[in-house]
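# Sharing a sequence plus its predicted fold:
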Amino acid sequence: MAGRLFVISGPSGVGKGTLVSNIMSRRDGLWLSVSATTRAPRKGEVDGKSYFFLTDEEFDQKIASNGFLEWANVHGKRYGTLREKVVEKISEGVDVILEIDPQGALNVRENYPDAYLIFIAPPSFDDLKARLVGRGTETEEQIERRLQTAKVELEQQKCYNRTLINDDLERATQELLSIIDSCK
Ligand code: ADP
Ligand code: 5GP
């Protein structure tokens, strides 16, 4: 039987990365896709593990050769899901997880209608802001831009198969695991 494609998306700072890292450490047999990006590596990030770090030319070549399942411009840099590995894993019967931005999530569905789209929502807009500020990885200006984008993204949750509110982290992790377990 083919594996399933789960797309975990939602606004920046809502806790997607945290939730995905929790589920990956608690379930065997899930495969997390490593995306390509044109942004520079942050301290501690490893090429091929965190992302495949590509130049603009390399990214253009991947687009031209239909190498992406989806790609999007996110906060001024390009990010894309590499098609080949994802398709290979699904055909081997492995469940695949994508953690991508909301433009990408809706694009995946165009290319892969069977994908199961999960929107991670904050308990409130103030919580989202507090998380972005608390993470401390963006400037004040970048945070403001992400919050403006979040307003549009929150409107789109109706286009997803499911919304999950990331209120208490452990509760939300359990809910995400149960969605994945029950969608087999
Ligand atoms: P994203 O990947 O969606 O941009 P992160 O996983 O980096 O978001 O989380 C953003 C910040 O919010 C991090 O500092 C993280 O520790 C924190 N966070 C994640 N989930 C929760 C939660 N349920 N409650 C409070 N803080 C959270
Ligand atoms: P960061 O630069 O903080 O790692 O990621 C910025 C944003 O890009 C996050 O919202 C993340 O989910 C998104 N992202 C990461 N990989 C991909 C991808 O392959 N495609 C799309 N569309 N978005 C991605």
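Yes, it's here. Residues are numbered from 1 along each chain as shown. Ligands and ions are numbered 1, 2, ... in the order given.
# Going by residue numbers, what spans are helices in this structure?
Secondary structure of the chain (DSSP state H): helices at 16-26, 56-64, 83-91, 102-111, 125-135, 140-155, 169-182.
# among those, which is the most enclosed?
Of all the helices of the chain, helix 102-111 has the most neighbours on average by mean count of other CB atoms under 10 Å, namely a mean of 19. C-beta: built from backbone N, CA, C; applies to glycine.
# so which residue of the protein comes closest to ligand 2?
In the chain, no residue comes nearer to ligand 2 than residue 104, which is 2.3 Å away by CB to the nearest ligand atom.
# ok, that residue - contacts?
Neighbouring residues of residue 104 by CB atoms under 8 Å, 6 or more residues apart in numbering: 7, 9, 70, 71, 72, 74, 79, 80, 81, 98.
# Residue 77 is in contact with the fourth one, correct?
No - because the distance of 11.0 Å does not satisfy CB atoms under 8 Å, residue 71 is recorded as not touching residue 77.
# which one of these two has more residues nearby?
Legend: neighbour count by other CB atoms under 10 Å for residue 71 and residue 77, higher for residue 71 (22 against 13).
# Could you find the closest non-adjacent residue to that one?
residue 80 (3.2 Å; CB to CB, 6 or more residues apart in numbering).
# Thank you, goodbye.
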